[in-house]
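>>> I would like to see how this sequence folds:
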Amino acid sequence: MLQRTKFYKAILLLVPAMVLYACTNSNRLPDKVTFTEHIAPIFFKNCTVCHRPGGRSHVELATYLQAKNYAASIAYMVRERQMPPWPADPHYTEFSEQRLLSEREIKMIEKWAADGAPEGPADKMPALPHYASVSSLGEPDMHIPVEPFFLKANGSDRFLLIKVPFELPRDTYASVVEFEAGGQNVVHHVNGDMVKYEFDKKSNVMAGQRVVDMVNDSNIVIAYQKMGLPNDDGTYPVLEKSVVNYLPGVYAQRYPEGIGGFFLPRKGAFLLNDLHYGFTRSQDITDSSFINVYFSKSPPDRLVQEFQLGTVGMSPVEPDLIIQPNTIKKVSSRFKISKDISVLTVNPHMHLLGKSFKAYALKPDGDTIRLISIPRWDFNWQYFYTYKKMIKIPAGSTIVAEGVYDNTKANPNNPFSPPRLVQDNKGSMRATDEMFQFIVSYLPYKEGDENISLEVQAKR
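Down below sits the predicted model:
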């Protein structure tokens with residue numbers, strides 16, 4: 001009996017040691033890290049959605065030789081967590097489709113670069129994943145080019161009104177309408193609506209001017225007439241707001257079947273009522289963007305709604321968004337909701353002086369619901385952040401957004417040297433002015449919403 005007791009004690013002591021060894025061993029790096037065995041799988045999972053032939057980035061990492069040329073730079077970028085780009089703090093709130101490398105993956109890349117970026121056995125090289133030719137969401141059902149636009153070198157901001165007409169065999173529904181910016185990275189943002197014609201009231205949706213420069217022709221009524229937007233009898237069709245939008249770095253959001261989406265008439269047009277080109281570089285550029293449409297089989301059960309805090313939104317920016325030169329300034333905006341809501345997606349927005357952003361909800365009982373924190377704002381990556389599951393915010397809660405702006409010479413993105421006074425200029429969307437916005441996409445709350453997964457996008 002004594003011997004059996006000693007045996008069990010030995011086992012109890014051994015098991016924790018075995019678990020500790022297993023955990024430690026799983027985090028241990030291979031003695032030799034190679035591209036084919038270790039690095040390519042990391043890149044193909046996290047990087048080549050952009051860094052590949054036909055991807056958004058001008059740097060390709062799909063082959064060993066391509067990656068080897070940038071090994072040291074890649075190691076630095078991943079250690080600084082500048083790549084993959086994911087500005088939101090994952091320790092504050094988690095989102096669907098987060099682009100984050102583990103600490104082990106980062107150390108693996110660093111070791112590979114430090115050891116001279118060895119290639120490894122050719123037969124260990126994985127196949128490059130299949131990527132849709134025109135969109136990260138997969139092949140669209142309808143792919144419509146936006147009228148190409150020529151931008152002269154060293155030009156200033158341009159604000160355009162653009163019509164993108166379409167005609168279908170029948171009325172249908174769309175789950176997603178996506179704006180895909182051209183490869184020149186000059187589109188600052190797009191706010192787009194949809195013109196919905198009754199079939200017998202518009203004979204030719206293709207007629208009319210496609211592009212109106214709103215700087216030279218600011219009368220919206222005259223612009224609509226030039227574009228041929230009215231019905232044949234001079235009346236106006238239904239205009240559905242906020243159907244297609246874009247900010248730098250964003251991917252369109254796809255929700256589970258039955259949530260969100262749009263009715264698509266046989267005859268219609270996407271009206272990009274505010275396509276903004278930022279100031280251009282030192283060479284002439286022709287931007288060729290396009291719109292992707294993904295059909296759905298049935299009408300949505302619930303339509304997504306949204307509200308906006310801050311600049312031209314439901315609540316003011318406090319104090320005023322006037323940022324003196326050589327200063328760092330904190331602002332906030334607060335909005336109290338009157339009904340229970342289920343939040344799907346949030347979108348913070350600032351311009352070049354942005355330094356950090358945080359948003360949360362204060363419940364009536366005093367508890368805090370974390371929404372998003374971006375400790376280091378990056379103008380080039382302004383995602384629509386979708387939660388893994390809906391976030392319930394009860395009626396009577398106050399949503400708070402806080403932002404910090406850096407108008408000093410220490411800010412490498414400051415558009416002015418030396419720094420100048422920068423303000424919102426009554427909602428101006430110029431990149432060199434500032435904005436502070438927090439857009440919330442939501443559904444009226446239904447019991448059980450917080451258990452519905454939102455992770456339904458196509459693999460990239």
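
>>> the chain: helices as residue ranges?
Using DSSP state H, the helices of the chain run over 2-27, 40-46, 64-69, 71-79, 103-114, 220-226.

>>> and the protein, what are its domains?
Annotated domains of the chain cover 2-124, 142-296, 305-451 [automatic domain parsing].

>>> so for Y131, which of those domains sits nearest?
Proximity to Y131 (Cβ to Cβ) singles out domain 2-124 among the domains of the chain, at 6.7 Å. In this view, the C-beta of every residue, glycine as well, is placed from N, C-alpha and C.

>>> for the closest one, the distance to its chain's centre please.
When distances are taken as Cα atoms, centre = their mean, to the nearest Å, domain 2-124 is centred 24 Å away from the chain's centroid.

>>> now that domain: average pLDDT?
Here domain 2-124 scores 83 as its mean pLDDT.

>>> is F295 in a bridge, and if so with what?
Legend: beta-bridge partners of F295 under DSSP bridges are A174.

>>> excluding chain neighbours, what is closest to M435?
Spatial nearest neighbour of M435, chain neighbours left out: T311 (4.6 Å); criterion: Cβ to Cβ, 6 or more residues apart in numbering.

>>> hmm, N425 and the one you found touching each other?
No: counting by Cβ atoms under 8 Å, T311 does not reach N425; the two are 10.0 Å apart.

>>> okay, those two: which has more neighbours?
T311 (23 against 15; other Cβ atoms under 10 Å).

>>> report pLDDT for the more buried one.
pLDDT for T311: 94.

>>> distance of it relative to Y387?
Note on T311: its distance to Y387, by Cβ to Cβ, to the nearest Å, is 24 Å.

>>> swap in G261?
The value you get for G261 to Y387, if Cβ to Cβ is used, is 19 Å.

>>> comparing the two, which residue is more hemmed in?
When neighbours are counted by other Cβ under 10 Å, G261 and Y387 differ, and G261 comes out ahead with 24 against 21.

>>> excluding sequence neighbours, find me the nearest residue to the more buried one.
Distance criterion Cβ to Cβ, 6+ apart; nearest residue to G261, sequence neighbours excluded, is P300 at 4.2 Å.

>>> thought that neighbour was touching V176?
No: counting by Cβ under 8 Å, P300 sits too far from V176 to count as a contact (11.6 Å).

>>> which residues of the chain score low on pLDDT?
Counting by pLDDT under 70, the chain shows low-confidence ranges at 1-26, 132-134, 215-218, 279-281, 456-460.

>>> residues touching R158, list them.
The neighbours of R158, taking Cβ atoms under 8 Å, 6 or more residues apart in numbering as the test, are 149, 151, 213, 215, 276-277.

>>> burial of the closest residue to F263 other than its chain neighbours, as a residue count?
Distances taken as Cβ to Cβ, 6+ apart put Y173 closest to F263, at 5.8 Å, once the chain neighbours are dropped. Y173 has 14 neighbouring residues, counting by other Cβ under 10 Å.

>>> likewise for the one 10 residues further on?
G183: 15 surrounding residues under other Cβ under 10 Å.

>>> surely it meets R56?
Yes: using Cβ under 8 Å, G183 is in contact with R56, at 7.3 Å.

>>> need the overlap of contacts for P300 and V176.
G261.

>>> any buried residues in stretch 291-305, and which?
By 16 or more other Cβ atoms under 10 Å, the buried positions in stretch 291-305 come out as 291-294, 296, 300, 304.

>>> mind checking how far that stretch is from the chain centre?
Its chain's C-alpha centre and that of stretch 291-305 lie 19 Å apart, by Cα atoms, centre = their mean.

>>> residues in contact with that stretch?
Residues outside stretch 291-305 that contact it (Cβ under 8 Å, 6+ apart): 134-135, 137-138, 140-144, 146, 164, 166, 172-180, 244, 252, 254-255, 257-261, 263-264, 270, 344, 441-444, 446.

>>> okay, and which of those residues map to strands?
Cross-referencing the contacts of stretch 291-305 against strands under DSSP state E gives 142-144, 164, 166, 172-180, 244, 263-264, 270, 344, 441-444.

>>> just the buried residues from these, in PyMOL please.
To isolate the buried members of the ones in strands among the contacts of stretch 291-305 in PyMOL, using 16+ other Cβ under 10 Å:
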select buried, resi 164+166+172+174+175+176+177+178+179+180+244+263+264+270+344+441+442+443
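
>>> tally of neighbours for G208?
16.

>>> oh sorry, the question was meant for A117
21.

>>> next one: N347
By other Cβ under 10 Å, the residues close to N347 number 21.

>>> so what's the closest residue in space to it that isn't next to it in sequence up against?
Nearest non-adjacent residue to N347, counting by Cβ to Cβ, 6+ apart: I439, 4.3 Å away. Listed by Cβ under 8 Å, 6+ apart, the contact partners of I439 are 306-309, 346-349.

>>> ok, I439 to K355 distance?
For I439 relative to K355 (Cβ to Cβ), the value is 20 Å.

>>> also A67?
Distance of A67 to K355, computed by Cβ to Cβ: 33 Å.

>>> those two: which is more packed in?
Taking other Cβ under 10 Å, A67 and K355 do not tie; A67 has more neighbours (25 against 20).

>>> would you map the strands across the stretch 351-460 of the chain?
354-362, 368-374, 385-393, 398-407, 422-423, 437-444 (DSSP state E, counting those that start in this stretch).

>>> out of the ones you listed, which comes closest to Y224?
strand 437-444 (25.9 Å).

>>> the inter-axis angle of that closest one versus strand 368-374?
140 degrees (axes from the mean of the first three to the mean of the last three Cα atoms, to 10 degrees).

>>> ok now strand 437-444, how far from the chain's centre?
Taking Cα atoms, centre = their mean, one finds the center of strand 437-444 at 15 Å from the center of the full chain.

>>> mind listing the strands it pairs with, and their directions?
strand 305-310 (antiparallel), strand 341-349 (antiparallel).

>>> packed most tightly, which of these would that be?
strand 341-349 (a mean of 23; mean count of other Cβ atoms under 10 Å).

>>> residues making contact with it?
Strand 341-349 is contacted by residues 247, 253, 255, 259-260, 304, 357, 359, 371-372, 374, 382-387, 390-393, 401, 403, 435-446, 449-450, 454 when judged by Cβ under 8 Å, 6+ apart.

>>> if any of these are buried, put those into a ChimeraX selection.
A single ChimeraX command selects the buried members of the contacts of strand 341-349 (16+ other Cβ under 10 Å):
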select :247,253,255,259,260,304,357,359,371,372,374,382,383,384,385,386,387,390,391,392,393,401,403,435,436,437,438,439,440,441,442,443,445,449,454
